[in-house]
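Trainee: Model the structure of this input:
(chains A and B)
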Amino acid sequence: MRDIVLTELMQAVQQMARDFAHYLPRLVVMLIIAFAGWVIAFLLKLLVRGILRLTKFSKLSENAGATQLLHQAALPSSTELVSRFVFWVAWAGFVLLGVSVLGIAGLQEYISRFFLYLPRLFVAMVILFFGFVGANFFSRAALLAAVNANFRSSRLLSISVRVIISIFALSMVFEVLGVGEQTMLIAFATVFGAVMLGLAIAFGIGGQGLAREFLEKRLVRRQKEEKEDELSPL
Amino acid sequence: MAEETLLTDDFVRQLINVGEVDLVVGLCTHNNSKTIEPIVRAIQAGILKCFPRERAAIINADGGSQDGTPKLVTGASIDDVWNASKVYALRTLHAISTTYARTPDPSTALRTILEAADLLRARACVLISPDSTTIEPDWLQHLARPIFYDNFDLVCPIYRRKRSEGVLVRNLLYPMTRSIYGYRVREPYASEFAISSRLASNFLNQEIWKQDWSRMGPEISLTITAVTGKYRIAQSFLGTKVAPGRSTADLVSVMRRTVGALFSSLDVNFPVWSTITGSEPVSTLDGQPEGMPESLRINRKHLRDMFASGVAQLETVFRSILSPPTFSELQRIATLGVGEFNYPADVWAKTVFEFAASYHRSVINRDHILQALVPLYRGRSLTFLLENRDGSVESDETREESLCGEFERLKPYLLEIWGNGK
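Mentor: Model (predicted):
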């Protein structure tokens, strides 16, 4: 009985040793891939950082208002953030590539899914960035035009423009990422509809005075103003 | 002549029929039928009276008028002028017109006239604004004579103005051009001026038209080109100028054409202007600028409210353009009532220079920077009105000199912030 137990135990240890010996080269390959991946990802990070600095990406990001947003959230600069993102995506890709060498059943599918997902992630980031740029540009343009036209609710108009463009960009991002497509579509439609309905009600009921003032200014006061002298810039 | 010509074959044919001339009078028009006829008659009278022996042509560059303006220019009969003045020209006076585009573009219009003048080998080219309803025949003499007889290359106008007119010119364009480029040209954005064939030809050949600032404001870019190119500049007193009425919406486009062009010119001309200190006078002929006393009924409260509202609403925009001390000062001024309102000359000069530096560095969209200047300009206009409310014409002049002095004094500050940020 004792011999049988010892024999079985020896066989199990030998099997484990054989399996380990079988996996060891793959593990080494995985580690090599992960290390090489880290080096490549690090170089890629430096390259991306250099390119972004050369193309004055931080200035673009500052103009878009993204820098302020990152600063408020205690995050690093946009250039640093993008280069770090590239580093982690690249390294994670190499690590997963290394893991696939181990030949663990079932993991292959997830790894290939991850690689298929990367282009979507990239497109989503681009949409998000340009969404921020567009929202900031058009909200500022609306604010300036409204202030120069002496529109009383200039800031409200500007914020509305920013919110609508941001919601639109975010819904596009979620659609690209495939996260709750239907939910996002319904949420977007609901929010957009609510905003429009809110504006309609606000103008219809709450904004009676504003509408009256606007019409008076357009139709009645203009006659008075025409009698006043105007400053000529040139 | 510039290699890439704008002139159509038909227009060139008309110019060939005219032959060589001594003087070209250019009119850049767009739907000016209400004012153009008396202006053409005044030009004809000016040519008959002042240049009877010179060969002259009136050239109209039209930006797609729908009201028959070009026909009014070419069809204006000289007989009435002959009968009125009893003076006859010794040469045929030609008037030709071309439509350079379907929509007006001041840069293309000016270029068309200068190219035509170059083709006709005109010794001088005088540009007259189709809005100048107060034009007198003598204007032509005041503008063209210094080019014919004194070898000047650019003759800018000086006017007798109402206090409510030329506010941007007096508070920004003149002081800033003077402090930056070192020449005291009173009307750097001139709607009437005369240019020599030498300067016109160089201006056409310099490919300056391809640059943004030149396209934005060709009139001010011509003055700046003459100043930076060390051409001989004079200014001549013309008489009373009444500016055409402009709506609030026009103010933004005026800012783009004038201040935008001036700010843009600083980028390319940095090596020139960065070494200039102080300013020197420009030869002034036929009189000095004059102010016309007038009782104004400007809505001062409206101006003050628009300034204060702009400072409050555009806080985020101003924080990216202005330095914290300047913005704090603006916030303080915004709390003042109409009675004690004062946007001092030094703060205004600093504001303008910080806007210019931010425009150079494109801290935000450049057009947004120009638009953000509008409410601040309104605040400065109010101070200008309040300061000149009861003063004499002489005290107006003193205050204008003091403002220019502030711009000149603060020029090192502009150089300091030019590349370094706030």
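Trainee: Quick check: next helix or strand after the strand or helix carrying residue B:397?
Mentor: Using DSSP states H and E, the secondary-structure element containing residue B:397 is helix B:393-409. Along the chain past helix B:393-409, the next helix or strand (assigned with DSSP H and E) turns out to be helix B:411-418.
Trainee: buried ones in that next one?
Mentor: When burial is assessed from 16 or more other Cβ atoms under 10 Å in any protein chain shown, helix B:411-418 yields the following buried residues: B:411, B:413-415, B:417-418. Placement of C-beta: from N, CA and C, glycine included.
Trainee: same question, stretch B:319-331
Mentor: Neighbour-count burial for stretch B:319-331, counted by 16+ other Cβ under 10 Å, picks out B:320-323, B:326-327, B:329-330.
Trainee: just curious, which of those is nearest to chain A?
Mentor: The nearest member of the buried residues of stretch B:319-331 to chain A, counting by Cβ to the nearest Cβ, is residue B:320 at 7.9 Å.
Trainee: Can you give me the distance of the closest residue to residue B:255 other than its chain neighbours to residue B:217?
Mentor: Closest residue in space to residue B:255, ignoring its immediate chain neighbours: residue B:370 at 4.8 Å, by Cβ to Cβ, 6 or more residues apart in numbering or on different chains. To residue B:217, residue B:370 is 12 Å away according to Cβ to Cβ, to the nearest Å.
Trainee: out of the two, which sits in the busier spot?
Mentor: Shown here are residue B:370 and residue B:217; by other Cβ atoms under 10 Å in any protein chain shown, residue B:217 has more neighbours (26 against 22).
Trainee: Next, give phi and psi for that one.
Mentor: phi -140, psi 80 (degrees, to the nearest 10).
Trainee: List the contacts of it.
Mentor: B:106, B:189, B:256-258, B:260-262 (Cβ atoms under 8 Å, 6 or more residues apart in numbering or on different chains).
Trainee: go again using 7 Å as the cut-off
Mentor: B:189, B:257-258, B:260-261 (Cβ atoms under 7 Å, 6 or more residues apart in numbering or on different chains).
Trainee: Residue B:46 too?
Mentor: Listed by Cβ under 7 Å, 6+ apart, the contact set of residue B:46 reads B:137-141.
Trainee: What about these, which are in helices?
Mentor: The subset of the contacts of residue B:46 located in helices under the criterion DSSP state H comprises B:138-141.
Trainee: just those now: which is nearest residue A:177?
Mentor: When the ones in helices among the contacts of residue B:46 are compared for distance to residue A:177, the smallest value, 68.7 Å, is given by residue B:139; criterion: Cβ to Cβ.
Trainee: give me the number of residues near residue A:175?
Mentor: Residue crowding around residue A:175 was assessed by other Cβ under 10 Å; the count is 16.
Trainee: Let's have the contacts of residue B:217 in CSV, adding pLDDT and secondary structure.
Mentor: Converted to CSV, the contacts of residue B:217 look like this (pLDDT from 0 to 100; DSSP: H, G, I helix; E, B strand; the rest coil):
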residue, pLDDT, secondary structure
B:189, 88, coil
B:257, 88, helix
B:258, 90, helix
B:260, 91, helix
B:261, 89, helix
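Trainee: Report the separation between the residue lying farthest from the centre of chain A and residue A:10.
Mentor: Most distant residue from the mean C-alpha position of chain A: residue A:1, 66.0 Å away (Cα atoms, centre = their mean). When distances are taken as Cβ to Cβ, residue A:1 and residue A:10 turn out to be 15 Å apart.
Trainee: other SSEs contacting the longest helix belonging to chain A?
Mentor: Longest among the helix segments of chain A by residue count, using DSSP H, is helix A:2-54. Contacts of helix A:2-54 with other secondary structure elements, assessed using 3 or more Cβ pairs under 7 Å, 6 or more residues apart in numbering or on different chains; DSSP states H and E, are made with helix A:78-101.
Trainee: re earlier: which members of the ones in helices among the contacts of residue B:46 are classed as buried?
Mentor: If you count burial by 16+ other Cβ under 10 Å, the buried members of the ones in helices among the contacts of residue B:46 come out as B:138-141.
Trainee: got the angle between the strand or helix carrying residue B:378 and helix B:393-409?
Mentor: Residue B:378 is located in helix B:366-387, with elements delineated by DSSP H and E. For helix B:366-387 and helix B:393-409, the angle between their directions (axes from the mean of the first three to the mean of the last three Cα atoms, to 10 degrees) works out to 140 degrees.
Trainee: Residues touching helix B:366-387, excluding its own?
Mentor: The contact list for helix B:366-387 (Cβ under 7 Å, 6+ apart) reads A:140-141, A:144, A:147-148, A:231, B:167-168, B:171, B:251-252, B:255-256, B:259-260, B:296, B:298, B:300, B:303-304, B:306-307, B:310-311, B:314, B:317-318, B:321, B:333, B:341-343, B:348, B:351, B:355, B:358-359, B:399.
Trainee: where exactly do the strands run in the stretch 201-350 of chain B?
Mentor: In the stretch 201-350 of chain B, the segments counted as strands under DSSP state E, counting those that start in this stretch are B:233-240, B:283-285, B:290-292.
Trainee: what's the most buried one of these?
Mentor: Highest mean neighbour count of the strands of the stretch 201-350 of chain B: strand B:233-240, a mean of 21 (counted as mean count of other Cβ atoms under 10 Å in any protein chain shown).
Trainee: Is that strand in proximity to chain A?
Mentor: No - counting by Cβ under 7 Å from any Cβ of the partner chain, chain A has no neighbours in strand B:233-240; the shortest distance is 13.5 Å.
Trainee: May I have the strands that pair with that strand, each with its orientation?
Mentor: Partner strands and pairing direction for strand B:233-240 (DSSP bridges) are strand B:154-162 (parallel), strand B:283-285 (parallel).
Trainee: Just say which of those is most tucked in.
Mentor: Counting by mean count of other Cβ under 10 Å, strand B:154-162 has the highest mean neighbour count of the strands paired with strand B:233-240, with a mean of 24.
Trainee: Now that residue B:313 has come up, it's in contact with residue A:147, right?
Mentor: Yes - using Cβ atoms under 7 Å, residue B:313 and residue A:147 qualify as a contacting pair, with a distance of 5.1 Å.
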